[in-house]
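K.L.:
Kindly generate the corresponding structure for this input.
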Amino acid sequence: SFDAGAAVLAGSETVGELTAYRYETTIPGESLDLEEIWEIVRTTQSSELFDLDAAELPAIADMKATLWVDGESGSLSRIRIDASEGMGELMTVLLAKALELESKDSGIDVPETEITIEELCMDIAISEIGTAQPEPIPAAVRENAVDMDAIGEEQGKALISACTYLMSLDLSSGGLEELLELEEYREEDIAFALENCGADWEKEAADYARHTLASGGFSEKSLKEQMELEKFEAELADKAIASCSPDWDKEAADFVAYNIKLSSVSRGLLEETMLGSGFTQEQSEKALESCGADWDAEARELVDELLEAGGYSEALVKTVLEEMLFEEAQIEHAIPADVDWNEQAKLYATRCAEQKIGYSQSTMKYMLTEYASFTAEQADYAIENSEIDWNLQAEYAARTYLLEAPYSYQRMINLLQEEDFSYDQAVFGADSCGADWYAETIRTIHVLEDEFGDRLMQYGPSSAWVTLSLELQYALFPLDLIRPALAECGYYN
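P.N.:
The predicted structure follows:
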């Protein structure tokens, strides 16, 4: 909080008929209780960054504040707080701590860097000034001296939107045009906004390239492709990239460091990915040679991740590593000799059973050997030693079949036996699946109606009754269900 009454009038800004008076004041640093603020931060944030004690932090100095007041209503519309001096030292301490943590987490030495806070501002829009134009008034509008009274309302709105976007984003003319189209401005109003927004498209392209490169890991090709996606013209993109004087070797090194930190990866896969991303062979090899990675350790880490996830056979682990382009020797050394593959098979079978699709013992063995590449002996161990309820699996299978098509009770039992469930398991599945067998009879009649079409009534109602009755009996529906179901559907003998 601060005394707004102590603010001094510093000027005014006018757009059309709207005037905003600008006042300046100071927020005393002592009015902010740093210990109380820091306690709230520490209890709501889990990062090590906030483990610092409040006593270790530099005090907050006085901060400059600018207030905008609506010239017509006198209401406060916007506050801008320049905290670069007041909180600059505090943010410097936090940034240094963040770099220290980044160095520890990544294992990469971060060189000592002088950290400076050039600008640290907070903009708070309280309300709109007047009813026609939103605050803040974009500088581009003021600098271009657009006569807002002389243009249409929709043109003015499109122009304000364009300037507002340009205040916060690095945009191409095409990218800005797309954003205005999303706001459903008319084509002619968009054209007016693009022409009068005061954008320096070369600077926009240069800023975009610089900010993108700051995130690290871009090749010249991938950066150009990214700028093309953002609709920067090729000539502008080339000029912007050149103006940044990028160090492509450093970008390649950043790409490698990021991907190694992201997940376990082989040198071969990284090199393939880098070449696909537009790095040269020389840049790729140099980055990979200097990154300090232990590729044998990367292979071991990936194997550990797979085995910890569980349900992997030895053959499947090898397949995954081969697809990740690890070398044969690395794969052999990465797989521990004491892995219990029987337990891995058991875990795989348990997970299959939990999917509630419905597996019999024979189909489970097929899944274990053909899909997961376990040996027959490992599959047998998993089936014999898992706690899978095969009656329940038969029920799941019956429910799955009924989602696909209608069945009679007896046909369901037969179908489950065809899937190698025992007779008792099949009966349990049919009894427990929750089917309404009369409703299944009705469903089957409707299916038959679709199949026969107009031919069904070609020889009269009696013939249709006989045809449907025979089909239903063939599907093993009992007569005590067939007769009432046919009558309900309008068929009589």
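
K.L.:
Can you list the helices and strands that the longest strand out of those in the chain packs against?
P.N.:
Taking DSSP state E as the criterion, the chain has its longest strand at strand 18-27. Here strand 18-27 is seen to pack against strand 8-15, strand 63-70, strand 76-82 when contacts are counted using 3 or more C-beta pairs under 8 Å, 6 or more residues apart in numbering; DSSP states H and E. (Each C-beta comes from the backbone N, C-alpha and C, glycine too.)

K.L.:
which stretch in these has the least confidence?
P.N.:
The minimum mean pLDDT among the helices and strands packed on strand 18-27 belongs to strand 8-15 (a mean of 63).

K.L.:
show me what contacts Leu448?
P.N.:
Listed by C-beta atoms under 8 Å, 6 or more residues apart in numbering, the contact set of Leu448 reads Leu456, Leu468, Glu471, Leu472.

K.L.:
Of these, select the buried ones using a ChimeraX command.
P.N.:
To isolate the buried members of the contacts of Leu448 in ChimeraX, using 16 or more other C-beta atoms under 10 Å:
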select :456,468,471,472
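
K.L.:
okay, and for the stretch 351-493 of the chain, where does confidence drop off?
P.N.:
459 (pLDDT under 70).

K.L.:
Please enumerate the helices of it.
P.N.:
Applying DSSP state H, counting those that start in this stretch to the stretch 351-493 of the chain gives helices spanning 361-366, 376-385, 390-404, 409-418, 423-432, 437-452, 461-474, 479-488.

K.L.:
can you put those in JSON lines and add distance to Asp249?
P.N.:
As requested, the helices of the stretch 351-493 of the chain are arranged in JSON lines below (distance: least, C-beta to C-beta, whole Å):
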{"stretch": "helix 361-366", "distance to Asp249": "52"}
{"stretch": "helix 376-385", "distance to Asp249": "49"}
{"stretch": "helix 390-404", "distance to Asp249": "56"}
{"stretch": "helix 409-418", "distance to Asp249": "64"}
{"stretch": "helix 423-432", "distance to Asp249": "64"}
{"stretch": "helix 437-452", "distance to Asp249": "67"}
{"stretch": "helix 461-474", "distance to Asp249": "75"}
{"stretch": "helix 479-488", "distance to Asp249": "77"}
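
K.L.:
Let's have the contacts of Leu448 in a markdown table, adding distance to Tyr348.
P.N.:
A markdown table is the format used below for those (distance: C-beta to C-beta, whole Å):
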| residue | distance to Tyr348 |
| --- | --- |
| Leu456 | 48 |
| Leu468 | 46 |
| Glu471 | 42 |
| Leu472 | 41 |
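
K.L.:
Against Glu154, how distant is Glu184?
P.N.:
11 Å (C-beta to C-beta, to the nearest Å).

K.L.:
Ala209 sits in which helix or strand?
P.N.:
For Ala209, the host element (DSSP states H and E) is helix 201-215.

K.L.:
what sits up against that helix?
P.N.:
Contacts for helix 201-215 (C-beta under 8 Å, 6+ apart): 166, 170-173, 218, 223, 226-227, 230, 232, 236-237, 239-241, 243-244, 246, 251.

K.L.:
about what we covered before: of the helices of the stretch 351-493 of the chain, give the one that comes closest to Glu36.
P.N.:
Evaluated over the helices of the stretch 351-493 of the chain, closeness to Glu36 peaks at helix 390-404, with 56.9 Å, by C-beta to C-beta.

K.L.:
by how many degrees do the closest one and helix 376-385 diverge?
P.N.:
Put simply, helix 390-404 runs at 100 degrees to helix 376-385, going by axes from the mean of the first three to the mean of the last three C-alpha atoms, to 10 degrees.

K.L.:
from now on call the first residue 59
P.N.:
Okay, using 59 as the starting number, the last item reads as helix 448-462.

K.L.:
What are the buried residues along helix 448-462?
P.N.:
Buried residues in helix 448-462, defined by neighbour count with 16+ other C-beta under 10 Å: Trp448, Asn449, Leu450, Gln451, Ala452, Glu453, Tyr454, Ala455, Ala456, Arg457, Tyr459, Leu460.

K.L.:
need the contact list for the fourth one.
P.N.:
Applying C-beta under 8 Å, 6+ apart to Gln451 gives the contacts Ala411, Gly416, Tyr417, Ser418, Phe479, Gln483.

K.L.:
any idea how far His391 is from Val361?
P.N.:
From His391 to Val361 the distance is 10 Å (C-beta to C-beta).

K.L.:
More neighbours: which of those two?
P.N.:
Between His391 and Val361, Val361 has the larger neighbour count (other C-beta atoms under 10 Å), namely 24 against 13.

K.L.:
my read: that one touches Ala395, true?
P.N.:
No. Using C-beta atoms under 8 Å, Val361 makes no contact with Ala395, being 12.0 Å away.

K.L.:
And the pLDDT at the spatially most central residue of the chain?
P.N.:
Nearest residue to the geometric centre of the chain (C-alpha atoms, centre = their mean): Leu320, 15.3 Å. We have a pLDDT of 90 for Leu320.

K.L.:
Filter the contacts of helix 259-273 down to the buried ones.
P.N.:
Buried members of these, scored by 16+ other C-beta under 10 Å, are 224, 228-231, 276, 281, 285, 288, 290, 294-295, 298-299, 302, 304, 309.

K.L.:
isn't Lys215 right up against Tyr243?
P.N.:
Yes. Assessed by C-beta under 8 Å, Lys215 is found in contact with Tyr243 at 7.4 Å.

K.L.:
between the two, who's got more neighbours?
P.N.:
Tyr243 (22 against 18).

K.L.:
how much space between the closest residue to that one other than its chain neighbours and Glu235?
P.N.:
Take Tyr243 and drop its neighbours on the chain: the residue closest to it by C-beta to C-beta, 6 or more residues apart in numbering is Ala216, 4.5 Å away. Distance of Ala216 to Glu235, given as C-beta to C-beta: 11 Å.

K.L.:
One more: Leu365?
P.N.:
Taken as C-beta to C-beta, the span from Leu365 to Glu235 is 52 Å.

K.L.:
Could you check the pLDDT of Leu153?
P.N.:
Leu153 carries a pLDDT value of 63.

K.L.:
cool, and Leu224?
P.N.:
With respect to pLDDT, Leu224 has a value of 88.

K.L.:
Touching, it and Asp258? I think so.
P.N.:
No. Counting by C-beta under 8 Å, Leu224 stays clear of Asp258, with 9.6 Å between them.

K.L.:
follow-up on the earlier one: tabulate the contacts of Gln451 in CSV, adding columns for neighbour count and distance to Thr338.
P.N.:
Formatted as CSV, those follow (neighbours: other C-beta atoms under 10 Å; distance: C-beta to C-beta, whole Å):
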residue, neighbour count, distance to Thr338
Ala411, 20, 51
Gly416, 23, 54
Tyr417, 26, 51
Ser418, 22, 56
Phe479, 27, 60
Gln483, 24, 63
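
K.L.:
For those, could you give me a markdown table that also reports distance to Asp354?
P.N.:
Shown next, in a markdown table, are the contacts of Gln451 (distance: C-beta to C-beta, whole Å):
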| residue | distance to Asp354 |
| --- | --- |
| Ala411 | 37 |
| Gly416 | 43 |
| Tyr417 | 38 |
| Ser418 | 43 |
| Phe479 | 47 |
| Gln483 | 48 |
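
K.L.:
Between those residues, which sits nearest His504?
P.N.:
Gly416 (25.1 Å).
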